[in-house]
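Student: sequence unknown, structure follows:
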Ligand SMILES: Nc1ncnc2c1ncn2[C@@H]1O[C@H](COP(=O)(O)OP(=O)(O)OP(=O)(O)O)[C@@H](O)[C@H]1O
């Protein structure tokens, strides 16, 4: 679903991604675990077309991001690190706007907006301005938005920052449900080891390079420690 080959991105003298190669199949929930400055956000910015890479290629659902950007991007849903809803519009208007951008027919959009908010427990907020919602519910609405056009690849950039444990768990469960229902591939950036431990597969990114790739237990083993947290700290400090 996602195939990244030798991806390089520099900011002047600083290398943020140093020849990164990795593939994600459908139906896999993958944590991208990296400390501050590892290159996680840069990778997401390249994958979502906000930045152009200096080298390498990315394919989404078999489409090159470089050569077929619009078609490739149509297969991606994304929740960015910074909240990106319009605070003054209602939840429904925010979601409707996204549905229109993707050309969803009105009835399909309405059905998916209602079902998505119902599933995440935010249906009661549909006609309230986003400004009135808690941080946790705003995040849930962002997830509903990211999934509205049924993307094959879901990118989540540290989506649980600032959320309480219950909201974190709800968000994770909702993403898991989508993976199970539609076979979505998920790349979930985090620097929280406990979130990575819940993933099918963990990629450890440090200074723009992949240090380890496998199940949480396998990654700990690759990095030479009995537990993932210890292994992660040891490998990235
Ligand atoms: N706009 C920019 N200009 C210059 N350097 C940048 C820019 N954005 C990021 N960098 C640098 O690129 C490297 C990777 O940063 P990036 O933000 O991608 O890491 P990150 O893993 O997302 O970190 P965090 O967890 O703190 O968000 C860092 O060395 C950072 O200082």
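Tutor: Done, it's in. Quick caveat: nothing in here was measured; it's all calculated off a predicted structure.

Student: So in terms of bridging, what pairs with residue 17?
Tutor: Beta-bridge pairing for residue 17 (DSSP bridges): residue 9.

Student: Next, count neighbours for it.
Tutor: 26 (other CB atoms under 10 Å). For the C-beta atoms, the positions are set from N, CA and C on the backbone; glycine is no exception.

Student: quick one: stretch 54-61 to chain centroid distance?
Tutor: Relative to its parent chain, stretch 54-61 has a centroid offset of 17 Å by CA atoms, centre = their mean, to the nearest Å.

Student: Quick check: mean pLDDT of stretch 24-44?
Tutor: Mean pLDDT, computed over stretch 24-44, is 96.

Student: Would you mark the buried spots in that stretch?
Tutor: The neighbour-count check on stretch 24-44 (16 or more other CB atoms under 10 Å) flags 24, 28-35, 38-44 as buried.

Student: Would you mind listing the residues in contact with residue 30?
Tutor: Going by CB atoms under 8 Å, 6 or more residues apart in numbering, residue 30 touches 24, 185, 186, 187, 188, 199, 200, 201, 202, 203.

Student: if we can go back for a sec, keep only the buried residues of stretch 24-44 that also lie close to the ligand.
Tutor: 34, 38, 39, 40, 41, 42 (CB under 6 Å from any ligand atom).

Student: could the residues you listed go into TSV alongside secondary structure?
Tutor: Shown next, in TSV, are those (DSSP: H, G, I helix; E, B strand; the rest coil):
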residue	secondary structure
34	coil
38	coil
39	coil
40	helix
41	helix
42	helix
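
Student: Report the residue ranges of every domain in the chain.
Tutor: Recorded structural domains for the chain (assignment: automatic domain parsing) are 2-75+155-236, 86-150.

Student: Looking at the ones next to the ligand among the buried residues of stretch 24-44, spot the one nearest residue 69.
Tutor: Distances from residue 69 to those, taken as CB to CB, are shortest for residue 42 (17.6 Å).

Student: what's the neighbour count on the residue nearest to the closest one when sequence neighbours are not counted?
Tutor: Spatial nearest neighbour of residue 42, chain neighbours left out: residue 16 (4.1 Å); criterion: CB to CB, 6 or more residues apart in numbering. Neighbourhood size, residue 16 [other CB under 10 Å]: 22.

Student: show me what contacts residue 16?
Tutor: Per CB under 8 Å, 6+ apart, neighbours of residue 16: 9, 10, 39, 42, 208.

Student: Widest-spaced pair of those residues?
Tutor: 10 and 39 (10.9 Å).

Student: how far does stretch 129-142 sit from the chain's center?
Tutor: Chain-centre distance of stretch 129-142: 18 Å, with CA atoms, centre = their mean.

Student: Buried residues, that stretch. List them.
Tutor: Under 16+ other CB under 10 Å, the buried positions of stretch 129-142 are 129, 130, 133, 136, 137, 138, 139, 140, 141, 142.

Student: Point out the least confident member of those residues, please.
Tutor: Lowest confidence among these: residue 136, with 91.

Student: Having no further points to raise, I will conclude here.
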